[in-house]
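no sequence on this one, just coordinates:
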């Protein structure tokens, strides 16, 4: 549909211009359809195209089509490297860097003091069920059984399959093996880390510290925004809204009012032009 296909002239009894609606005429292996779709073009042009994942294939796909990318990182250094690499790929596609926003997941544990926040984070981790954690870890690695590994012995990358052999969520397995290589956690500690936010960045601190972290990531080439992943709902979401958002607004990195009504407008993304020219 062209954006101006609908006239909606009740007095004249004229609803739309039929010559401004294009048939699809799809002919495929499994079905044929003439179309067109029986609804007009949406206010966003098309929905915001969000890609999830950090694998090489995922990055290539996102650089060409993605308008936002949901990515998981357990360390700032890997998040920054991903940001730089993907923005370069986006530019190589002839797109501007702000046409593809990078939004890593952040799971903040917030309390009035840093000590209280860390204790609360530890208490949450202690609630994690070992068998459930092993099952989730196994699913990440294509069904690999890790139950034979001692819970309290430091892990090594050799305890895991090569991430390149994993067919689904490969980037998440790379994150896990990367953490094992650098930090050498025990299996119990790794399961605790994974239980917290399933491979996303976890930070325990005061509202001021959380706001400073987001500000640092925003200005240091790590993120264009965040996917907020509160560890406890609704409590931690309420704390973030009531105590962190005002600090971000004071820093000038979070809006104080909305300029539009769609997700595309909230993200500052341009409305895509209709790929079909309007018929005369």
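Thanks, I have it. If you're wondering where the values come from, they're calculated on a predicted model, not measured in any experiment. Numbers count the residues shown, from 1 in each chain.

and the strand or helix carrying residue 51, which strands flank it?
Applying DSSP states H and E as the criterion places residue 51 in strand 50-52. Its sheet considered, strand 50-52 pairs with strand 68-71 (parallel) by DSSP bridges.

figure out how far the strand it pairs with is from the centre of its chain.
Distance of strand 68-71 from the chain centroid (Cα atoms, centre = their mean, to the nearest Å) equals 4 Å.

and it, what's its mean pLDDT?
Mean pLDDT, computed over strand 68-71, is 96.

how about stretch 23-31?
93.

would you map the strands across the stretch 101-250 of the chain?
101-110, 201-205, 227-228 (DSSP state E, counting those that start in this stretch).

and those strands, which is most packed in?
Comparing the strands of the stretch 101-250 of the chain by mean neighbour count (mean count of other Cβ atoms under 10 Å), strand 101-110 comes out on top with a mean of 24. (C-beta placed from N, C-alpha, C; glycine too.)

for that strand, name the packing helices and strands.
Strand 101-110 sits against strand 68-71, helix 76-92, helix 114-126, helix 187-197, strand 201-205, helix 207-219, strand 227-228, helix 235-239, with contacts defined as 3 or more Cβ pairs under 8 Å, 6 or more residues apart in numbering; DSSP states H and E.

tell me which residues in the strand holding residue 51 are buried?
Buried residues in strand 50-52, counted by 16 or more other Cβ atoms under 10 Å: 50-52.

what's the following helix or strand after that strand?
Sequence-wise, the next helix or strand downstream of strand 50-52 (DSSP H and E) is helix 56-65.

output the contacting helices and strands for that following helix.
Helix 56-65 sits against strand 50-52, helix 76-92, with contacts defined as 3+ Cβ pairs under 8 Å, 6+ apart.

ok, 10 Å please
Packing partners of helix 56-65 (3 or more Cβ pairs under 10 Å, 6 or more residues apart in numbering; DSSP states H and E): strand 50-52, strand 68-71, helix 76-92, helix 170-183.

and the ones you listed as a markdown table, adding distance to residue 58?
Conversion of the helices and strands packed on helix 56-65 to a markdown table gives the following (distance: least, Cβ to Cβ, whole Å):
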| stretch | distance to residue 58 |
| --- | --- |
| strand 50-52 | 6 |
| strand 68-71 | 8 |
| helix 76-92 | 9 |
| helix 170-183 | 6 |
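
pick the most buried one from the ones you listed.
strand 68-71 (a mean of 23).

show residues contacting that strand.
Strand 68-71 is contacted from outside by 48-54, 58-59, 61-63, 78-79, 82-83, 86, 90, 99-105, 171-172, 175, 200, 223-225, 227, 263-264, 267, 269, using Cβ atoms under 10 Å, 6 or more residues apart in numbering.

how about the nearest residue to the spatially most central residue of the chain, chain neighbours excluded?
Nearest to the mean C-alpha position of the chain, by Cα atoms, centre = their mean, lies residue 70 at 1.8 Å. Leaving out its chain neighbours, the residue that sits closest to residue 70 by Cβ to Cβ, 6 or more residues apart in numbering is residue 52, at 4.4 Å.

my read is that that neighbour contacts residue 102, right?
No: with contact defined as Cβ atoms under 10 Å, residue 52 does not count as touching residue 102 (11.7 Å).

shared neighbours, the two?
Counting by Cβ under 10 Å, 6+ apart, the common neighbours of residue 52 and residue 102 are 62, 66, 68-71.

as JSON lines, the residues you listed with distance to residue 35 would be great.
Below are those laid out as JSON lines (distance: Cβ to Cβ, whole Å):
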{"residue": "62", "distance to residue 35": "28"}
{"residue": "66", "distance to residue 35": "26"}
{"residue": "68", "distance to residue 35": "28"}
{"residue": "69", "distance to residue 35": "30"}
{"residue": "70", "distance to residue 35": "31"}
{"residue": "71", "distance to residue 35": "35"}
